[in-house]
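J.: Please work out how this folds:
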Amino acid sequence: MIATIPVSLIVEITLGVLLAATLFCCVRLETRLRNLRNDQATLSSTVRALNGAIGAAQASLAGLRAAATEADENLGRKVKSARGLADELSVLTSAGERIASRMETARAVQPEKAPRAMPAFSENFRAAR
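T.: Below you'll find the predicted structure:
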């Protein structure tokens, strides 16, 4: 039976099968290339969005740095002022303690005087009427 089939028919059938396989591979390749192009477009838009986000983040970071610098300067001024006030308060407190100590010493040295009697509140109120 094989001997009755001409060689040219066998070659043509083989070429047909090979062409069909090539056509199948080309269709698969076209599908993959189409998907690759779609993915490339998606990746390109993602990269553009990422670049925009990076730019916005850099601008925000610059704003935050400026705000932090300003806050640092303000805080430094306030701390310096607070230290000055604390030093002044310390001096005033020590002066007050010295005055209180002198008053206690003077009171201990002076003889006790009888305190003056204070009129009752009602008597002051009647006198004011």
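
J.: top helix in this protein by residue count?
T.: Identified as the longest helix of the chain according to DSSP state H is helix 7-109.

J.: Please state the mean pLDDT value computed over it.
T.: Averaging the model's pLDDT scores along helix 7-109 yields 94.

J.: what's the distance between it and the middle of its chain?
T.: 8 Å (C-alpha atoms, centre = their mean, to the nearest Å).

J.: for it, packing partners?
T.: Of the remaining helices and strands, none touches helix 7-109 by 3 or more C-beta pairs under 8 Å, 6 or more residues apart in numbering; DSSP states H and E. Every residue, glycine included, has its C-beta placed from N, CA and C.

J.: quick one: buried residues of stretch 50-57?
T.: Within stretch 50-57, no residue qualifies as buried by neighbour count (16 or more other C-beta atoms under 10 Å).

J.: send the alpha carbons of that stretch over as PDB?
T.: Taking Å, rounded to 0.1, in the frame of the first residue of the first chain, the C-alpha atoms of stretch 50-57 are listed here in PDB:
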ATOM      1  CA  LEU A  50       5.500  56.000  39.800                       C
ATOM      2  CA  ASN A  51       7.600  58.900  38.500                       C
ATOM      3  CA  GLY A  52       4.800  61.300  39.300                       C
ATOM      4  CA  ALA A  53       4.500  59.800  42.800                       C
ATOM      5  CA  ILE A  54       8.300  60.100  43.300                       C
ATOM      6  CA  GLY A  55       8.200  63.800  42.200                       C
ATOM      7  CA  ALA A  56       5.300  64.500  44.700                       C
ATOM      8  CA  ALA A  57       7.100  62.700  47.400                       C
END
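
J.: Show residues contacting it.
T.: The contact list for stretch 50-57 (C-beta atoms under 8 Å, 6 or more residues apart in numbering) is empty.

J.: For residue 65, see how far away the residue located most distally from the centre of the chain is.
T.: What lies farthest from the middle of the chain is residue 4; by C-alpha atoms, centre = their mean that is 86.4 Å. To residue 65, residue 4 is 90 Å away according to C-beta to C-beta, to the nearest Å.
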